[in-house]
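Chemist: Need coordinates for the following:
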Amino acid sequence: MRGAVIVSFCIVRGRGRAAPARRPAWPSLALGALLACASWPAAAKYDIAIDAPRPMRKLLEKHLDLARFASRSDVTDDQFDFLVTATPQQVRDLAATDGYFSPIVRTDVHAGRKGQKAVTVHVDPGPRTTVASVALTFEGPVRDESPKQENAARFAFSLHTGDPFTQAGWRDAKEAALKALQARRYLGAKIVRSQARIDPHTRQAALSVAFDSGPTFTLGPLDVSGVRRYPGRIVTNVNPLSVGEIYDAERIAELQRQLQNTPYYASVAIDVGDDIAKPNGTPVHVKVSEYPYNNVRGGVGYATDTGAHVQGSYSYLDTFGAAWPFSVQGRLDQIQQYGQVQLSMPPGQRGWVNSALASYTSTQVSGTNIYSARAGLQRTRTAQFIDYAYSIQYYADRLDQNAAGPTTSHALVPQWSWTRRHVDDPLFPRKGNLVHVEAGFAVKGAATDQTFMRGYARGEQYVPLFKRDLLLVRAEFGGVLTSGSSSGIPASLLFRAGGSNSVRGYGFQSIGNTVDGSVLPTKYLITATAEYQHWFTHDWGAAVFYDVGTATDTWSERVIYPGAGIGVRWRSPVGPINVDLAYGTRNRSVRPYLTLGIAF
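Modeler: You can find the predicted model right below:
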């Protein structure tokens, strides 16, 4: 192409990423040498103003040397003149990284405030270069073995015809496509040619990238290091991989999660060999860092539902000298006190864990006190996306209320629960869903006061809208089926609604069967939420929501409780923080809420 300028060209001969073009650094290096090698008399700071469109101004304020050194008081006249002289070329270099290849630059030096020097940099960036064509070619076995993987790489390439061309976008598009190609089968894939041809006259970019997939990789046995305190069979038992299976980055991530879900390892690092000369049975290197035998943790916090709280735990990971974890944990807050002891076996085949546990919970809320003791056995397994639990537990509950004396209830309950997590980000989900289901039953006479069946389900769906918006839909259902009243069923197995993760606008667990000022738990529960979020920046957003729900003993006599409100959302370093203000339309009450994390 006549008059074309090549802005990026690279050949990567090993596994890796396309190298981005770098802006010339000679003005900074030269000025740095002047400042480092000479002792110049101090001079006053100079003022700088950049007259450019906002995105361009932000770029120049961050990277332009004349702007970066403006806060220094040791820039001499000669150095200032050097910076001003270098500015036009540096602006052109910086503008090119953002897709502007023909900016008009003018510098204006004049007297500023208090007699200081001042300089104004005027920049007319001109029309932005756009992508005219994208040509992605693939070499190697991927063409015949896995067209799906080739399509995944094409889909991951984020620059399309008509998009603005930027150096960062060009680099990110290549890296994303390469990463998608390497994610399954083709661990040794590489970029063999990449080129962006820019025509400064038409301001169009013709992009081309050639990928070589290399051979299909299959996995060999695990090579485990760092095992000293705990048996190596723990790693083997939770390992979901099979020797000979095709390499898949998600499966490697599953192995890492499985190991980190055990109580034994503080950190897990996994490295898969990527020698394209030996792709079959490539070794999987696992390096673990183990926790000590004894572990003590504690913390304090606050939530609007339960008030201030303090919590702590102690665990010993080598009971009987056989890596059986023993743990004691407790939590105290303003309305609830909780304690539990648990003894578990090490993970068995396929990662199943058997354990025995006992707990005691005391809850005082909405004029009702519930004291619940339970003990039992359980068998659990945590997989990449799904958790399973089977248990049999004995419940002994006492309920105190205003209208009558204490009542007690007992039940021996076989239970099953299932949790599925299918979201794009477990901490800050934007797309996907979370589902939890549990079921149990009890038979009168078998250490049980009353026969019943119990079921509960909760789900959340995240739907991305536009670029910065999100729709969250949540629903939960609970029911206890029995021929008698709810008084013969342990109160901790019944339901109440209200609070930050239920129906906002009402007090925590304040929706139920109200008798003489006491809100009693009920046999049936249903709640639903629709929440619309708009994110102004990556970390800060706002929300509007509508909640509705009820908890009742008789479905035909149900009372619906709606609530609506607004909130602030923050993606904090420790997890999502939500601050809400909700109005309960039935009670005509306004309540604030503060929550941390995803309640699931």
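
Chemist: Could you identify the longest helix within the protein?
Modeler: Ranked by residue count under DSSP state H, the longest helix found in the chain is helix 77-97.

Chemist: list the buried ones in that helix?
Modeler: For helix 77-97, a neighbour-count test (16 or more other C-beta atoms under 10 Å) marks 79-80, 82-84, 86-88, 90-97 as buried. Glycine gets a C-beta too; all of them are placed from N, C-alpha and C.

Chemist: Report the backbone C-alpha coordinates of that helix in PDB.
Modeler: Output of helix 77-97 as PDB, limited to C-alpha atoms (Å, rounded to 0.1, in the frame of the first residue of the first chain):
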ATOM      1  CA  ASP A  77      15.900  26.800  31.500                       C
ATOM      2  CA  ASP A  78      17.900  24.600  29.200                       C
ATOM      3  CA  GLN A  79      16.000  21.500  30.400                       C
ATOM      4  CA  PHE A  80      12.700  23.300  30.000                       C
ATOM      5  CA  ASP A  81      13.600  24.300  26.400                       C
ATOM      6  CA  PHE A  82      14.600  20.700  25.700                       C
ATOM      7  CA  LEU A  83      11.200  19.500  26.900                       C
ATOM      8  CA  VAL A  84       9.300  22.100  24.800                       C
ATOM      9  CA  THR A  85      11.300  21.200  21.700                       C
ATOM     10  CA  ALA A  86      10.700  17.400  22.200                       C
ATOM     11  CA  THR A  87       6.900  17.900  22.900                       C
ATOM     12  CA  PRO A  88       5.500  17.900  19.300                       C
ATOM     13  CA  GLN A  89       7.200  14.600  18.300                       C
ATOM     14  CA  GLN A  90       6.300  13.000  21.700                       C
ATOM     15  CA  VAL A  91       2.600  14.100  21.300                       C
ATOM     16  CA  ARG A  92       2.600  12.500  17.800                       C
ATOM     17  CA  ASP A  93       4.000   9.300  19.200                       C
ATOM     18  CA  LEU A  94       1.500   9.200  22.000                       C
ATOM     19  CA  ALA A  95      -1.400  10.100  19.700                       C
ATOM     20  CA  ALA A  96      -0.500   7.300  17.400                       C
ATOM     21  CA  THR A  97      -1.000   4.700  20.100                       C
END
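
Chemist: Relative to whichever helix or strand comes after that helix, what are the paired strands and their orientations?
Modeler: Per DSSP states H and E, helix 77-97 leads on to strand 104-111 as the next helix or strand towards the C-terminus. Looking at strand 104-111 with DSSP bridges, its partner strands are strand 117-124 (antiparallel).

Chemist: Send me the longest strand anywhere in the chain as PDB with only the CA atoms.
Modeler: What stands out as the longest strand in the chain, according to DSSP state E, is strand 407-423. What follows is strand 407-423, C-alpha atoms only, in PDB (Å, rounded to 0.1, in the frame of the first residue of the first chain):
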ATOM      1  CA  THR A 407     -42.600 -25.400  73.200                       C
ATOM      2  CA  THR A 408     -40.100 -28.000  72.300                       C
ATOM      3  CA  SER A 409     -39.800 -30.200  69.200                       C
ATOM      4  CA  HIS A 410     -37.500 -32.900  68.000                       C
ATOM      5  CA  ALA A 411     -36.700 -34.500  64.600                       C
ATOM      6  CA  LEU A 412     -34.300 -36.900  63.000                       C
ATOM      7  CA  VAL A 413     -33.900 -35.600  59.500                       C
ATOM      8  CA  PRO A 414     -32.100 -37.200  56.500                       C
ATOM      9  CA  GLN A 415     -31.300 -34.300  54.200                       C
ATOM     10  CA  TRP A 416     -29.800 -33.700  50.700                       C
ATOM     11  CA  SER A 417     -28.600 -30.400  49.300                       C
ATOM     12  CA  TRP A 418     -27.200 -29.300  45.900                       C
ATOM     13  CA  THR A 419     -25.600 -26.000  45.000                       C
ATOM     14  CA  ARG A 420     -24.600 -25.000  41.400                       C
ATOM     15  CA  ARG A 421     -22.400 -21.900  40.600                       C
ATOM     16  CA  HIS A 422     -22.300 -20.900  37.000                       C
ATOM     17  CA  VAL A 423     -21.100 -17.300  36.800                       C
END
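
Chemist: so how far is that strand off the chain centroid?
Modeler: Averaging C-alpha positions (C-alpha atoms, centre = their mean, to the nearest Å) puts strand 407-423 27 Å from its chain's average.

Chemist: Tell me which other helices or strands it touches.
Modeler: Where contact means 3 or more C-beta pairs under 8 Å, 6 or more residues apart in numbering; DSSP states H and E, strand 407-423 is packed against strand 386-400, strand 432-442, strand 452-465.

Chemist: Distance-wise, check the residue nearest the centre of the chain relative to residue 571.
Modeler: Nearest to the geometric centre of the chain sits residue 427, at 2.9 Å (C-alpha atoms, centre = their mean). Using C-beta to C-beta, to the nearest Å, residue 427 is found at 8 Å from residue 571.

Chemist: Please apply the same query to residue 142.
Modeler: Counting by C-beta to C-beta, the gap from residue 142 to residue 571 is 36 Å.

Chemist: Could you do residue 83 as well?
Modeler: 38 Å.

Chemist: returning to what we had before: what angle separates the longest helix of the chain from strand 104-111?
Modeler: Angle, helix 77-97 to strand 104-111, by axes from the mean of the first three to the mean of the last three C-alpha atoms, to 10 degrees: 150 degrees.

Chemist: Could you give the separation of helix 77-97 from the chain centroid?
Modeler: Taking C-alpha atoms, centre = their mean, one finds helix 77-97 lying 41 Å from the centre of the chain it belongs to.

Chemist: next one: stretch 395-414
Modeler: Centroid displacement of stretch 395-414 relative to its chain, using C-alpha atoms, centre = their mean, is 40 Å.

Chemist: now do stretch 131-146
Modeler: The chain centre lies 32 Å from the centre of stretch 131-146; the measure is C-alpha atoms, centre = their mean.

Chemist: Going by neighbour count, list what's buried in that stretch.
Modeler: Going by neighbour count (16+ other C-beta under 10 Å), the buried part of stretch 131-146 is 131-132, 134, 136, 138, 140-142, 145-146.
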